[in-house]
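In: 3D model of this:
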Amino acid sequence: MEKSKGYRIFTVFNTIILVVIVFVTLFPFLNVVAQSFSSEGYINAGKVSLIPRGFNINTYKIVAADKMFWINYKNTVLYTVLGTAISMVLTTMFAYVLSKKHLMGQKFFITFAVFTMFFNGGLIPNYVLIRSLGWLNEIWAVVVPGALSVYNMLIMKAFFESLPDSLEEAAAIDGLSTYGIFLKIVLPLSKPIIATMILFYAVAYWNSWFSAFLYFDKRELFPVTVYLRNMVKGATTAQSTGGMSSDNAQQVRSNIKAVTMVLSVLPILTVYPFVQKYFVSGIMLGSVKQ
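Out: The predicted model follows:
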């Protein structure tokens, strides 16, 4: 069927608008990447846009040569993997239970969970609680307090509610227990939403720094985000660059923020393309009920 003139005009304008939106979205990130590889003079003069000027990787070398950076990077991977695993177990089980309308007290548990989204104990009571549990300078202080996101749980609950009841009824007739239905029927059908939740939790744990900053006082326990935060703060002082030449010290001060941002988001950008298809379908399926 031949497309009308109006449709062709709409397609052209729609394409132009989308290209502009993509450019506006990508420009800040590409500019940060370009600054991370540029020389101090061009950065300070504001001459760096999308292409590095005066290609320079001194700051990357300085960060990579620091053993503490790699120790903290390993910590971040550990916290992210362990925290995401704990969060997925709790979120999946809680969401599945709340998706059952025959559950006694279902509305109460949902209301109680939603209540915690708006009200919490506050910073000082949380610190006192962590200290009383003996979790200061312990990994549990980072991975346990935020292990269950009620927002993520509600999305997963909506997804479970969209699954046909007939599947579980047929499995029950075949002799599967509740746990068997959950593990062998529900979870295999939930790959999109599970991948979406893993991405949500992994990004949150990877970018998290305040919990470690608050509960840890040993440098070897910090995640890389705290390391980079301290480096950004310390790069403005002469003491932090005392062992460098004057040129290297100026270079570090000029693009340390760009370098730290690139190093922080690079792993997430590497993983995201592999779970993107699940991400979109998971959100859509979790928003539609049967």
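In: Every contact and neighbour count from this point should use C-alpha atoms.
Out: OK.
In: can you pull the pLDDT of the spatially most central residue of the chain?
Out: Centroid check for the chain by Cα atoms, centre = their mean gives Val203 as the closest residue, at 1.1 Å. pLDDT recorded at Val203 is 87.
In: for it, what are its contacts?
Out: By Cα atoms under 8 Å, 6 or more residues apart in numbering, Val203 lies in contact with Ile268.
In: next structured bit after the helix or strand harbouring it?
Out: Assessed by DSSP states H and E, Val203 sits inside helix 191-207. For helix 191-207, the following helix or strand on the C-terminal side (DSSP H and E) is helix 210-215.
In: So which residues make contact with that next one?
Out: Tyr127, Ile130, Leu136, Asn137, Ala141, Val142, Phe222, Pro223, Val226.
In: buried residues in the helix or strand following it?
Out: Following helix 210-215 in sequence order, the next helix or strand is helix 224-234 (DSSP H and E). Within helix 224-234, the residues scored as buried using 16 or more other Cα atoms under 10 Å are Val224, Thr225, Val226, Tyr227, Leu228, Arg229, Met231, Val232.
In: Now do helix 224-234 against helix 191-207, angle only.
Out: Compare the direction of helix 224-234 with that of helix 191-207 by axes from the mean of the first three to the mean of the last three Cα atoms, to 10 degrees and you get 30 degrees.
In: could I have the helix holding Val203 exported to PDB, CA atoms only?
Out: Taking C-alpha atoms only, helix 191-207 is exported to PDB below (Å, rounded to 0.1, in the frame of the first residue of the first chain):
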ATOM      1  CA  LYS A 191      13.100 -14.200  32.900                       C
ATOM      2  CA  PRO A 192      12.200 -10.700  31.600                       C
ATOM      3  CA  ILE A 193      11.200  -9.300  35.000                       C
ATOM      4  CA  ILE A 194      14.000 -11.100  36.800                       C
ATOM      5  CA  ALA A 195      16.600  -9.600  34.300                       C
ATOM      6  CA  THR A 196      15.000  -6.200  34.800                       C
ATOM      7  CA  MET A 197      15.200  -6.400  38.600                       C
ATOM      8  CA  ILE A 198      18.800  -7.700  38.500                       C
ATOM      9  CA  LEU A 199      19.700  -4.600  36.500                       C
ATOM     10  CA  PHE A 200      17.800  -2.300  38.900                       C
ATOM     11  CA  TYR A 201      19.500  -3.700  41.900                       C
ATOM     12  CA  ALA A 202      22.900  -4.100  40.400                       C
ATOM     13  CA  VAL A 203      23.000  -0.500  39.300                       C
ATOM     14  CA  ALA A 204      21.900   0.700  42.700                       C
ATOM     15  CA  TYR A 205      24.500  -1.300  44.500                       C
ATOM     16  CA  TRP A 206      27.200  -0.400  42.100                       C
ATOM     17  CA  ASN A 207      26.500   3.400  42.400                       C
END
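In: Spell out for me the ChimeraX command that would select the buried members of the contacts of helix 210-215.
Out: Selecting only the buried entries of the contacts of helix 210-215 in ChimeraX, with 16+ other Cα under 10 Å as the criterion:
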select :127,130,136,137,141,142,222,223,226
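In: By pLDDT, give me the weakest of the contacts of helix 210-215.
Out: Out of those, that is Val226, at 88.
In: mind checking how far the helix holding Val203 is from the chain centre?
Out: Offset of helix 191-207 from its chain centre (Cα atoms, centre = their mean, to the nearest Å): 7 Å.
In: go on, stretch 254-268?
Out: With Cα atoms, centre = their mean, you get 15 Å for stretch 254-268.
In: just stretch 101-109 next, same as before
Out: The answer for stretch 101-109 is 31 Å, by Cα atoms, centre = their mean.
In: picking that back up, what residues sit buried inside the helix holding Val203?
Out: For helix 191-207, burial by neighbour count (16+ other Cα under 10 Å) applies to 192-199, 201-203, 205-207.
In: Out of the residues you listed, flag the one nearest to Ser36.
Out: Asn207 (19.3 Å; Cα to Cα).
In: mind listing what the residue nearest to that closest one when sequence neighbours are not counted touches?
Out: Nearest non-adjacent residue to Asn207, counting by Cα to Cα, 6 or more residues apart in numbering: Thr225, 6.6 Å away. If you count contacts by Cα under 8 Å, 6+ apart, Thr225 has them with Thr76, Trp206, Asn207, Ser208, Trp209, Ser264.
In: Of the residues you listed, which is the nearest to Lys61?
Out: Ser264 (15.7 Å).
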